[in-house]
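In: Please work out how this folds:
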Amino acid sequence: MTALVSPEITTASSLDERCDRCSAAAKLEVTLASGGELAFCGHHANKLREEILGVGARIVLEDGFDWAGK
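Out: Take a look at the predicted model:
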């Protein structure tokens, strides 16, 4: 049996990164459980929410961003 672990979710007043998919301003940054980090705009963060929750160890949301994965 595999145990599911929920990523730690925190907020930040602003994120300085750009989306790794489209280069828009990032609204979410995820630290991967396997190592490394990715950043996503609001559109891609919501579109990829299931995948982010499945691979993330830590997620940082920009204050005011209403993420569908919460």
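In: quick check, Phe50 in a helix?
Out: To be clear, residue 50 is Glu; Phe isn't right here. Yes - applying DSSP: H, G, I helix; E, B strand; the rest coil, one finds Glu50 inside a helix.
In: Distance of it relative to Gly64?
Out: Glu50 sits 23 Å away from Gly64, going by Cβ to Cβ, to the nearest Å. Where you see a C-beta, it was placed from the backbone N, CA and C, and this is true even at glycine.
In: got the contact list for the longest strand along the chain?
Out: The longest strand of the chain (DSSP state E) is strand 56-62. With contacts defined as Cβ atoms under 8 Å, 6 or more residues apart in numbering, strand 56-62 is touched by 7-15, 26-33, 52, 67, 69-70.
In: tell me which residues in stretch 18-29 are buried?
Out: Using 16 or more other Cβ atoms under 10 Å as the test for burial, stretch 18-29 gives 19, 26-29.
In: Now do the SS call for His43.
Out: His43 is classified as helix under three-state DSSP.
In: residue contacts, it?
Out: Each residue near His43 by Cβ under 8 Å, 6+ apart is listed here: 22, 24.
In: Mind doing that once more with 10 Å?
Out: By Cβ atoms under 10 Å, 6 or more residues apart in numbering, the contact set of His43 is 19, 21-22, 24, 27.
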